[in-house]
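In: Sequence and predicted structure below; questions after.
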Amino acid sequence: MTQIAFIGLGHMGFPMAKNLLKAGHEVTGYDLVPEALEAFAKAGGKAGKSIAETVHDATLIITMLPEGKHVWAAYEGSRGIFNHVQQGALIAECSTIDIETARHIHKIAEDKGIRLIDAPVSGGVAGAEEATITFMVGGAKVDFEAILPYLGLMGKKVIHCGGAGLGQAAKICNNLILGITMIGVSEAFNLAEKLGLEAQTLFDVTSESSAQCWSITKYCPVPGPVPTSPANRDYTPGFTTAMMLKDLKLASQAAQLTSNATPLGEEALSLYTLFCNQGGKEEDFSGIIKFLRAEVED
């Protein structure tokens, strides 16, 4: 039985940590929110009192935090992970953060002789609960192979993307595509409605033709065709608009860093910013279809 420390018990971290408990591992969790710690303890985990205490005896440490600034705070400083992790432990940083921060913590870990991979995920809260998320891993091949059995308990697919930071690169590029395609799918379904074409009929066509994509077949933004999509729950989030906006900002930063043109990405960033500012922040990102419909009707 591996002793695991899990830092960050939010919407994604909590179900991921629970899946490790279900597999029989001893998991000590830590979160700044007392209610999250209480829920984790009720689920069978051990609640840590601080990051230092949580990671002290762990052989595997997993972090799932909202943004790069939270990763900085958790890893550095006198009470941070880097100053309390035991030699030989392996760290998986699963947050979605900017490339520069990811490479920075890789460098510090290397300088300190600590094993670390970046392993952001895709699949949303439902995927975390069902252990079907995809892990995109950046780091040394030997560390990837060492952590593969544990990530496999929390996800369906684990892909080694290359060296330090390339897991984050894969995640940012994936969600750049996702943000853009969801807008395109939403525009098409809105147009179909205006033309008198039923949503189910358009779904039947596009899900089996050249327009086929995840935003249609798994996450269709209109009620009906895909019963499990948030559209059937009044856009209760599996992945919030605020989180999509964060990832599109990361893609924009990466594009600027590499002098790469992403005109559709910039337009998607603008539209999701407007949707957030008009009250869609906590809705599922597929709710952008309502925003686009309102823009036309206005």
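Out: The structure has been received and is ready for your questions. Numbering: from 1, shown residues only.
In: tell me, how many neighbours does the residue lying closest to Thr262 once chain neighbours are set aside end up with?
Out: Leaving out its chain neighbours, the residue that sits closest to Thr262 by CB to CB, 6 or more residues apart in numbering is Ala255, at 4.4 Å. Every C-beta, even on glycine, is put in place using the N, C-alpha and C of the backbone. Per other CB atoms under 10 Å, the neighbour tally for Ala255 reads 17.
In: Check which residues of the helix or strand containing Ala255 are buried.
Out: Assigned by DSSP states H and E, Ala255 belongs to helix 241-257. By neighbour count on 16 or more other CB atoms under 10 Å, the buried set for helix 241-257 is 241-248, 250-252, 254-255.
In: I'd like those laid out as CSV, including pLDDT and distance to Ser50.
Out: Output for these, formatted as CSV (pLDDT from 0 to 100; distance: CB to CB, whole Å):
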residue, pLDDT, distance to Ser50
Thr241, 97, 33
Ala242, 95, 28
Met243, 93, 27
Met244, 96, 32
Leu245, 97, 31
Lys246, 95, 27
Asp247, 96, 30
Leu248, 98, 34
Leu250, 96, 29
Ala251, 97, 34
Ser252, 97, 35
Ala254, 95, 33
Ala255, 96, 38
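In: Tell me the one of these nearest Val27?
Out: Distance to Val27, by CB to CB, is smallest for Met243 among those, at 24.2 Å.
In: My guess is that closest one contacts Asp284. True?
Out: No. Using CB atoms under 8 Å, Met243 is not in contact with Asp284, being 9.7 Å away.
In: counting contacts, what elements does the helix holding Ala255 pack onto?
Out: helix 99-112, helix 166-195, helix 263-275 (3 or more CB pairs under 8 Å, 6 or more residues apart in numbering; DSSP states H and E).
In: Please enumerate residues in contact with the helix or strand bottoming out on mean pLDDT in the chain?
Out: Of all helical and strand segments in the chain, the minimum by mean pLDDT, DSSP states H and E falls on helix 288-297, at a mean of 85. Helix 288-297 is contacted by residues 182-183, 186-187, 189-190, 221-222, 231, 235, 241, 271-272, 274-275, 278, 280 when judged by CB atoms under 8 Å, 6 or more residues apart in numbering.
In: and the gap between Ala294 and Leu274?
Out: 11 Å (CB to CB, to the nearest Å).
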